[in-house]
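[1] what's the 3D shape of this:
(chains A and B)
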Amino acid sequence: DTGVSQDPRHKITKRGQNVTFRCDPISEHNRLYWYRQTLGQGPEFLTYFQNEAQLEKSRLLSDRFSAERPKGSFSTLEIQRTEQGDSAMYLCASSLERGLALNEQFFGPGTRLTVL
Amino acid sequence: DAKTTQPNSMESNEEEPVHLPCNHSTISGTDYIHWYRQLPSQGPEYVIHGLTSNVNNRMASLAIAEDRKSSTLILHRATLRDAAVYYCILRAVLYNQGGKLIFGQGTELSVKP
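    Numbering: from 1, shown residues only, chains lettered A, B, ... in the order given. Purely as a prediction, here's the structure:
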């Protein structure tokens, strides 16, 4: 297994356009998390899935953001009508949890979004 | 969510030990102490975690104060590849719930040759 992968690695778009990012977690990992990181700050939690169920969403996740994880495998994060404030690194992480959410999260390399 | 306080930056010399402090005075009984680090242009990676006792693994050691209000991540021999931002995170452990990581500003560690 090569770890968590994200696609694309970089995305430049114009304000108002829609963008979609993909995350492929480590096989058999049942938890998948999305975080956002702006320059000079630590990552901020956006949402997470347990298998295909989206169990928690941050207040940061406005109605322009939507995430899915069909069939509990890969996940997509879509941003509609992008704004310049959406420019950030979008990180995906996965973990294997059995009961207590204690295990380490494995992060992907991130997708850097630039909104012009 | 309980908060942590870390110095913004620290410097170390190569092949010397590094002690990275973290204060978490509002820690609760169900909080585990996790450390992650983020190398330049990469996603964060797990380093170590503990509850009450000191912990060792191949990457580092974690020393936890008896009152659990502070902890120290110890890199025994810093290398240039250890230059990164180190995050101390309190992670509430709830059965079948949560698991999100709440990152602070972290400590940016620079290592001089």
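
[2] number of nearby residues for residue A:102?
    Neighbour count for residue A:102, taken as other C-beta atoms under 10 Å in any protein chain shown: 15. Placement of C-beta: from N, CA and C, glycine included.

[3] one more: residue B:26?
    Using other C-beta under 10 Å: residue B:26 sits among 12 other residues.

[4] what residues are up against residue A:115?
    A:13, A:14, A:15, A:82, A:83, A:84, A:85, A:86, A:87 (C-beta atoms under 8 Å, 6 or more residues apart in numbering or on different chains).

[5] show me which pair in those is furthest apart.
    Across the contacts of residue A:115, the longest distance by C-beta to C-beta is 14.3 Å; it joins A:14 and A:85.

[6] what pairs with the helix or strand of chain A with the lowest mean pLDDT, parallel or antiparallel?
    Taking mean pLDDT, DSSP states H and E as the measure, strand A:53-57 is the helix or strand of chain A with the lowest mean score, a mean of 92. Strand A:53-57 sits in its sheet next to strand A:44-50 (antiparallel), going by DSSP bridges.

[7] which element, helix or strand, includes the residue most central in space within chain B?
    Residue closest to the average C-alpha location in chain B (C-alpha atoms, centre = their mean): residue B:35, at 3.2 Å. Taking DSSP states H and E as the definition, residue B:35 sits inside strand B:31-38.

[8] report pLDDT for residue 95.
    With no chain named, the answer covers chain A. At residue A:95, the model reports a pLDDT of 93.

[9] you answered for a different chain; I wanted chain B.
    pLDDT, residue B:95: 60.
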